[in-house]
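Chemist: everything below, folded, please.
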Amino acid sequence: MAHYYDNANFVIVKSNNLLGALDKNNALIVPQEFSNIMPLDANGKHYLFLTTNKEYFIADSLGKNILPKNFVYTKQEPTVDFVKDNTILGSFDGSNFGIYNFIDKTEIVPFEFEEAGFVKNEYYRVKKNGVYGLYGSKEHKMLLPFEQGATYVNTVFNTNDKLFIVFEKEIGGKGKTNIYEDGKLLFEERYAVKSIDYGFDFPFITGRIDDDTHFVYDCNARRMIMYGLPYIQNFNEIYYLDEQKEHIVIPAIIDPEKVNGRKIPYIMLANTKGEIVAGFQAQQKFRRVDLSGSSKPIFLCAHNNNVGESFTDIRFNSQEIIASVPTNTSDVNNVKIVDNRIVLLLEAGRPFEIKAKGTVSGGKILIDADGNIDYSTP
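Modeler: You can find the predicted model right below:
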């Protein structure tokens, strides 16, 4: 009897290619009859996951089977991936699968599905008649019904007591991705969503459509904000500009062939209605200014060019009132507000255009609550 391997609680031994287990006192607790033995911990206790050539079960630290009967497998070789926390995936007859809590001795998912698997927390992927759905163990019911015709359930995310289920479905011979929430699909079929990006920041979801352009979707508003965005390789993150949650900052990596080989974030600002306030610029930064008496916000949009020079565009809501003002810094937080006016100090020697003023260089720009511009020379 040779030691196969040790862990902190058991010694696995091997003889004639079969495994058994000793406790730490070298007492035999599992005879050498098993094709595989894997120690695991659950609920602060130590267990063994044991398999033969047809069955598997869980034993306690004394080697006693704690399941009502052994699970049967006919296809996939069992591994510890079949166990998550206090639950185990399996089938008692090799055909009907479910999830069992081996601590509470309860069925988490009924043993009535062609397949069952873990998705996230108390949510489980199940399959019946060749179609996938999602089962909720707390609700004790299907949360994504089979009638949706899912070819796979990818993941779930929930926030503000809302559950969003990401799944795939074949439409017109093509695989499509959609999200199911409270009995409704988020994406209309006409959007032809091919895939979504993972790691998104709720409530915003990004992804690709059939022509490989990108979209941005707002789960809170249930609205497609941006659609058909070209040349994007991926989005870094998407977030609200400020606590007012009226505008969204959208950074993305653009196809380098379209931006002179620059592999840096290009950033856009849009409102939650999908209207673009400031288009993509390299490493763009934004600041919203609400001057007293103004009906609309003013946006300072600072960015750098290829040689590192700083510029600031000024927008009265989404309307551009002055473009590419050469500034000393791209840090829009350094722009001052004096006497209810925005003050921009200009860098000398870098001429630019001001309407009704022509070409100017240096000096100071003042912008009032109505978006009017006053320029003074150095």
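Chemist: is it true that Phe92 touches Phe111?
Modeler: Yes: at 6.2 Å, Phe92 and Phe111 qualify as touching, with contact defined as C-beta atoms under 8 Å. C-betas here are computed from N, CA, C, even on glycine.
Chemist: helix, strand or coil: sort out Gly308 for me.
Modeler: Assigned by DSSP: H, G, I helix; E, B strand; the rest coil, the conformation of Gly308 is coil.
Chemist: report pLDDT for it.
Modeler: Per-residue confidence at Gly308 stands at 74 (pLDDT).
Chemist: quick one: low-confidence parts of the stretch 1-150 of the chain?
Modeler: Along the stretch 1-150 of the chain, the model assigns pLDDT under 70 to residues 1-6.
Chemist: now do 90
Modeler: Within the stretch 1-150 of the chain, the ranges that satisfy pLDDT under 90 run 1-9, 16, 24-26, 41-44, 53-54, 73-81, 85, 94.
Chemist: could you measure from the closest residue to His247 other than its chain neighbours over to Thr87?
Modeler: Nearest residue to His247 in three dimensions, chain neighbours excluded: Leu241, at 4.2 Å (C-beta to C-beta, 6 or more residues apart in numbering). Distance check for Leu241 against Thr87: by C-beta to C-beta, to the nearest Å, it reads 42 Å.
Chemist: give me the more crowded residue out of those two.
Modeler: Neighbours per residue, other C-beta atoms under 10 Å: of Leu241 and Thr87, the larger number sits with Thr87, 24 against 19.
Chemist: Met142 reaches Val131, doesn't it?
Modeler: No: Met142 is beyond contact range of Val131, at 11.2 Å (criterion: C-beta under 8 Å).
Chemist: what is the burial count for Tyr231?
Modeler: Tyr231 has 17 neighbours, counted by other C-beta under 10 Å.
Chemist: check contacts around it.
Modeler: By C-beta atoms under 8 Å, 6 or more residues apart in numbering, the residues touching Tyr231 are 254-255, 258.
Chemist: which ones among those residues lie within strands?
Modeler: Under the assignment DSSP state E, the contacts of Tyr231 contribute Ile254 to strands.
Chemist: any chance of CSV for the contacts of Tyr231, columns neighbour count, distance to Ser61 and pLDDT?
Modeler: Listed next are the contacts of Tyr231 as CSV, based on neighbours: other C-beta atoms under 10 Å; distance: C-beta to C-beta, whole Å; pLDDT from 0 to 100:
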residue, neighbour count, distance to Ser61, pLDDT
Ile254, 20, 57, 86
Asp255, 10, 58, 85
Lys258, 12, 62, 80
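Chemist: of the contacts of Tyr231, which is the nearest to Ala302?
Modeler: Relative to Ala302, the closest of the contacts of Tyr231 is Ile254; by C-beta to C-beta it sits at 18.5 Å.
Chemist: separation between the residue nearest to the closest one when sequence neighbours are not counted and Gly20?
Modeler: Nearest-residue entry for Ile254: Tyr266, 4.8 Å, with adjacent residues in sequence omitted and distances by C-beta to C-beta, 6+ apart. Tyr266 sits at a distance of 61 Å from Gly20 (criterion: C-beta to C-beta).
Chemist: my guess is Gly63 contacts Val30. True?
Modeler: Yes: using C-beta under 8 Å, Gly63 is in contact with Val30, at 4.5 Å.
Chemist: anything in contact with each of the two?
Modeler: Common neighbours of Gly63 and Val30 (C-beta under 8 Å, 6+ apart) are 21, 48.
Chemist: the more surrounded of these two?
Modeler: Each of Gly63 and Val30 has its neighbours counted (other C-beta under 10 Å); Val30 has more, 21 against 18.
Chemist: which parts of the stretch 251-378 of the chain are strands?
Modeler: Secondary structure of the stretch 251-378 of the chain (DSSP state E, counting those that start in this stretch): strands located at 265-271, 276-282, 285-289, 298-304, 310-316, 319-326, 336-338, 341-345, 352-354, 358-360, 364-367, 373-376.
Chemist: quick one: which of the ones you listed is nearest Asn160?
Modeler: Taking the strands of the stretch 251-378 of the chain one by one with C-beta to C-beta, strand 265-271 is closest: 21.3 Å.
Chemist: mind listing what the closest one pairs with, with the direction of each?
Modeler: Taking DSSP bridges as the criterion, strand 265-271 pairs within the sheet with strand 247-254 (antiparallel), strand 276-282 (antiparallel).
Chemist: most packed of the ones you listed?
Modeler: Highest mean neighbour count among the strands paired with strand 265-271 (mean count of other C-beta atoms under 10 Å): strand 247-254, with a mean of 20.
Chemist: measure how far that one is from the centre of its chain, please.
Modeler: Relative to the centre of its chain, strand 247-254 is centred 15 Å away, using C-alpha atoms, centre = their mean, to the nearest Å.
Chemist: now the angle from that strand to strand 298-304?
Modeler: Interaxial angle of strand 247-254 relative to strand 298-304 (axes from the mean of the first three to the mean of the last three C-alpha atoms, to 10 degrees): 20 degrees.
Chemist: Glu112: how many residues sit nearby?
Modeler: Neighbours of Glu112 using other C-beta under 10 Å come to 13.
Chemist: secondary structure class for it?
Modeler: strand.
Chemist: for it, which non-adjacent residue is closest in space?
Modeler: Asn96 (5.4 Å).
Chemist: please apply the same query to Val11.
Modeler: Spatial nearest neighbour of Val11, chain neighbours left out: Leu22 (4.2 Å); criterion: C-beta to C-beta, 6+ apart.
Chemist: ditto for Phe118
Modeler: Spatial nearest neighbour of Phe118, chain neighbours left out: Lys84 (5.1 Å); criterion: C-beta to C-beta, 6+ apart.
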